[in-house]
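[1] Need the 3D shape of this:
(one chain, ligands or ions: 1)
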Amino acid sequence: MTAKEVIAAIRNVPDFPIKGIQFKDITTALSRPDCLVWMRDEIVKRYKGLGITQVVGIESRGFILAPAVAMELGAGFVPIRKPNKLPAETVSVTYQKEYGEDSIQMHKDALKPEDVVLIHDDILATGGSMAAAIELVKKLGVKKIYVNCIIELEGLNGMEFLKGKAEDINCLLSIEVDE
Ligand code: AMP
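    Predicted coordinates:
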């Protein structure tokens, strides 16, 4: 399996959810056992030996691979959720989206100061939601933060936007935003 083959398995859906957006649909890659294992193993390879204690997944597509990666790394899994979904005491971050604003939440006691955290999501576009996730994790005062996405959408400068906000920022695959 190569990165090129996995990219070929990702479906582009034009004009979803609104006109002008080229939606990168990973479900077509997830349903292929060879692509699924490749994605999990590539993430595990990169982060093994770094002492990661918790893998934080961003709702909802960050929940797909994060627990599988966590199990391989011997780490736990922690969800970042949309507002009012988590039952215990939470911390929140509100951030600006293209239209209006959005909030994300985590349980206040989900992470400890000695945790080394890997934050994972499926796609890095502008980096706005990942920057908010980093800010949220920082509120809990962890030791180190690594960031990983399956796909970077080239041309939206997400990597540039996140520079300096975490220890290391990595995407497995790079796809042109208009492809
Ligand atoms: P951003 O905050 O701009 O980096 O957007 C990242 C979030 O929006 C991720 O959770 C993605 O799942 C989703 N997203 C943004 N653009 C796309 C796209 N073209 N195709 C699929 N998902 C996208």
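[2] so where do the strands sit in this protein?
    11-14, 22-25, 54-58, 76-80, 90-96, 101-107, 116-124, 144-154, 168-176 (DSSP state E).
[3] what angle do the last one and strand 144-154 make?
    For strand 168-176 against strand 144-154, the angle by axes from the mean of the first three to the mean of the last three C-alpha atoms, to 10 degrees is 10 degrees.
[4] any residue of stretch 139-148 up close to the ligand?
    No: Stretch 139-148 stays clear of the ligand (C-beta under 6 Å from any ligand atom), getting no nearer than 11.3 Å. The C-beta positions use only the backbone N, C-alpha and C, and glycine is treated the same way.
[5] Just the terminal-to-terminal distance for that stretch.
    End-to-end distance for stretch 139-148, by C-alpha to C-alpha, to the nearest Å: 19 Å.
[6] Sort out which residues of it are buried, please.
    With burial defined by 16 or more other C-beta atoms under 10 Å, the residues of stretch 139-148 counted as buried are 140, 142, 144-148.
[7] Could you single out the nearest of those to residue 103?
    For the buried residues of stretch 139-148, the residue nearest residue 103 by C-beta to C-beta is residue 140; the value is 16.2 Å.
[8] Any figure for the gap between the closest one and residue 115?
    Distance, residue 140 to residue 115, using C-beta to C-beta, to the nearest Å: 8 Å.
[9] need the contact list for the residue sitting nearest the centre point of the chain.
    In the chain, the centroid-proximal residue (C-alpha atoms, centre = their mean) is residue 121; its distance is 1.5 Å. Shown in contact with residue 121 (C-beta atoms under 8 Å, 6 or more residues apart in numbering): 57-58, 61-62, 129-130, 133, 149.
[10] Closest one of those residues to the ligand?
    Comparing these against the ligand with C-beta to the nearest ligand atom places residue 129 closest, at 3.4 Å.
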